[in-house]
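Participant: Can you look at this prediction? I've put the sequence above it.
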Amino acid sequence: MAASFIPPKRILMGPGPSDVPQRILDAMARPTIGHLDPAFVDLMEQIKSMLRMAFQTENALTFPVSAPGSAGMEMCFVNLVEPGDKVIVCRNGVFGGRMLENVKRTGGVPMIVDDAWGAPVDSNKVRDAFKANPDAKILAFVHAETSTGAQSDAATLAKIAQEFGALTIMDCVTSLGGTPVYLDKWGIDAAYSGSQKCLSCTPGLSPVSFSEKAIARIKARTTLVQSWFLDLNLVLGYWQSAGKRTYHHTAPINPMYGLHEALVILEEEGLENAWARHRAMHEKLKAGLEGMGLKYVVDAPARLPQLNSIYVPEGVDEAAIRARLLTEFNLEIGAGLGDMAGKIWRIGLMGYSAKQENVDYCLKALRACLPGGPA
Ligand SMILES: *Cc1c(COP(=O)(O)O)cnc(C)c1O
């Protein structure tokens, strides 16, 4: 017979999940209630309202999808793309590649704008793509590419899409709560995020937000949304204002308690203070890493404070170092993905993990494990 599972105590400084504060774990351990209970309905209204603060939007349709960030991504594409629609997809890392996979599966016609891994999306290329395809209906891009640590200029990209009358889909899984995200100011039509990155909640929920223009596009569809679970026309009945709620699926009650607590913590700190903290911790980590001779993958202007990707020094077995960090220091950092596998490390400073003691601990552990460091 298996015994209860007791996880090891880790310090999470990879690409997500980030450290979850005890306050959030405590919130999640509270008694489960029914998902149509008026008290739960009230909690959902508060979550929606605090998510609007986090996304900096007035969008009524702002809520957490009951599934991880990848489901938020899929919700945006299956609802907004109809077969035959041209979609300009920016690809400068793993997650742009996943957007492309989504476009293909919805029957959309992708126009790919490629940029090097580690570089931000080049807005000139996006403008050229629209000039060559003025009938493109959607621009899709990743704001914060977690696979490389590069941030793209969302304001400029969204403006180009607006000039050409297209809607925008933005991945802000890693940016939300970590670096400035302004859905309304930038004019983003559909955005999705994740609970386990800079919000420091447990994985499994995907905050999303849709503009009025996006909703009009969805209502004007002539084809059925291919996914029953993610069809916004159906989910809307579940998430609409209190009182009229109908059954669609059973919301993950306790994870919602956790997300609520994470957003309360964000409100207490203040959104702009949270952004400033991520920036300040990044500066400290950077000083330490560069002091050890380690080099950043991304050029300074596009560097994400919450995801520090650095080159593995010549002749160093990167997997062996990560294994030592985990077993001897209980410290998790990320490996490279795709083209960057074996070549880089990704050190996350997301949410609750973005604090001085983690920065100091990570630098100390790396110094001990890298050749030439203390035994
Ligand atoms: C983590 C991540 C996702 C996927 O989120 P999951 O919760 O793992 O499904 C999507 N996009 C980006 C940029 C991410 O960092």
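Facilitator: Arrived safely.
Participant: Just want the phi and psi numbers for the residue of the stretch 201-350 of the chain found nearest the ligand.
Facilitator: With Cβ to the nearest ligand atom as the measure, residue 203 is the residue of the stretch 201-350 of the chain nearest to the ligand, at 5.5 Å. Bear in mind the C-beta positions are built from the backbone N, C-alpha and C, glycine included. The phi and psi values for residue 203, taken as degrees, to the nearest 10, are phi -70, psi 160.
Participant: what's next to the helix or strand hosting residue 345, contact-wise?
Facilitator: Using DSSP states H and E, residue 345 sits within strand 344-348. Outside of strand 344-348, the residues within contact range by Cβ atoms under 8 Å, 6 or more residues apart in numbering are 12-16, 18, 146-147, 149, 197, 285, 289, 297, 306-312, 318, 321-322, 333-336, 362.
Participant: Give me the contact list for whatever helix or strand residue 74 lives in.
Facilitator: Using DSSP H and E, residue 74 sits within helix 69-80. Contact with helix 69-80 is made by 65, 95, 98-99, 102-103, 105-106, 108, 138, 140, 167, 169, 171, 173, 189-194, 206-208, 214, 217-218, 221, 225-227, 230-232, as judged by Cβ under 8 Å, 6+ apart.
Participant: For residue 297, give its distance to residue 336.
Facilitator: 9 Å (Cβ to Cβ, to the nearest Å).
Participant: Check the contact lists of those two and give me the overlap.
Facilitator: 309, 344.
Participant: Get me the contact residues on the stretch 201-350 of the chain for the ligand.
Facilitator: residue 203 (Cβ under 6 Å from any ligand atom).
Participant: quick one: the helices in the stretch 201-350 of the chain?
Facilitator: With DSSP state H, counting those that start in this stretch as the criterion, the stretch 201-350 of the chain has helices at 212-219, 232-239, 253-269, 271-291, 318-329.
Participant: taking the mean pLDDT, what do you get for the last one?
Facilitator: This points to helix 318-329. Averaged across helix 318-329, the pLDDT comes to 97.
Participant: So residue 370 sits against residue 316, correct?
Facilitator: Yes. The criterion here is Cβ atoms under 8 Å, and residue 370 meets it with residue 316 at 7.0 Å.
Participant: more neighbours, those two?
Facilitator: For residue 370 versus residue 316, the count of surrounding residues by other Cβ atoms under 10 Å is larger for residue 370: 16 against 13.
Participant: Per-residue pLDDT of that one, please?
Facilitator: Looking at residue 370, the pLDDT reads 93.
Participant: I'd like the helices of the stretch 201-350 of the chain as TSV, with mean neighbour count appended.
Facilitator: Below are these laid out as TSV (neighbours: other Cβ atoms under 10 Å):
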stretch	mean neighbour count
helix 212-219	16
helix 232-239	17
helix 253-269	20
helix 271-291	16
helix 318-329	15
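Participant: Redo those helices as TSV? Include distance to residue 127.
Facilitator: TSV is the format used below for these (distance: least, Cβ to Cβ, whole Å):
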stretch	distance to residue 127
helix 212-219	21
helix 232-239	30
helix 253-269	35
helix 271-291	28
helix 318-329	38
